[in-house]
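*Asks:* everything below, folded, please.
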Amino acid sequence: MVMRNGNDGRGARQWDDVPSRLRTRVSSQLRFPESSEANSELPEPRPLFTFGELVYDLSRLALLFFAIAVANTVFLLVALSFLRGG
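*Replies:* Reported below is the predicted structural model:
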């Protein structure tokens with residue numbers, strides 16, 4: 001069974017419901033690197049895609065939407081022609 005929070009979340013601090021042994025273990029592992037240390041260790045992030053790849057993919061997506069719209073229009077025109085008796 002789950003124990004209710006003593007104060008129902010109003011004004012609760014971060015470590016109120018955490019056991020003391022877990023609190024000391026987690027707090028001892030928290031270490032934030034210095035800004036110069038973080039910059040020197042991390043490689044330069046590579047962009048996900050270039051501008052040309054973005055334009056190519058977006059144009060393919062636009063053509064796909066256009067093809068679906070044309071196919072829907074053709075289907076509805078054929079269905080309308082059958083309903084009109086043509």
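*Asks:* sticking with residue 18, tell me its helix or strand.
*Replies:* Assigned by DSSP states H and E, residue 18 belongs to neither a helix nor a strand.
*Asks:* which one is it nearest to, not counting chain neighbours?
*Replies:* Excluding the flanking residues, the one nearest residue 18 by C-beta to C-beta, 6 or more residues apart in numbering is residue 26, at 7.7 Å. Glycine gets a C-beta too; all of them are placed from N, C-alpha and C.
*Asks:* gap between the one you found and residue 20?
*Replies:* Note on residue 26: its distance to residue 20, by C-beta to C-beta, to the nearest Å, is 11 Å.
*Asks:* who has more neighbours out of those two?
*Replies:* Legend: neighbour count by other C-beta atoms under 10 Å for residue 26 and residue 20, higher for residue 26 (11 against 8).
*Asks:* and the more buried one, helix, strand or coil?
*Replies:* With DSSP: H, G, I helix; E, B strand; the rest coil as the basis, residue 26 sits in helix.
*Asks:* could you check the pLDDT of it?
*Replies:* On the pLDDT scale, residue 26 is placed at 73.
*Asks:* which parts of the chain are helices?
*Replies:* Secondary structure of the chain (DSSP state H): helices located at 20-29, 35-41, 51-83.
*Asks:* out of those helices, which comes closest to residue 2?
*Replies:* Closest approach to residue 2 among these is made by helix 20-29 (16.8 Å; C-beta to C-beta).
*Asks:* put the alpha carbons of that closest one into PDB.
*Replies:* Provided in PDB are the C-alpha atoms of helix 20-29 (Å, rounded to 0.1, in the frame of the first residue of the first chain):
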ATOM      1  CA  SER A  20      17.800   9.500   4.500                       C
ATOM      2  CA  ARG A  21      20.200   6.800   3.100                       C
ATOM      3  CA  LEU A  22      19.000   7.400  -0.400                       C
ATOM      4  CA  ARG A  23      19.200  11.100   0.100                       C
ATOM      5  CA  THR A  24      22.900  11.000   1.100                       C
ATOM      6  CA  ARG A  25      23.700   8.600  -1.700                       C
ATOM      7  CA  VAL A  26      22.100  10.700  -4.400                       C
ATOM      8  CA  SER A  27      23.400  14.000  -3.100                       C
ATOM      9  CA  SER A  28      26.900  12.700  -3.000                       C
ATOM     10  CA  GLN A  29      26.700  11.800  -6.700                       C
END
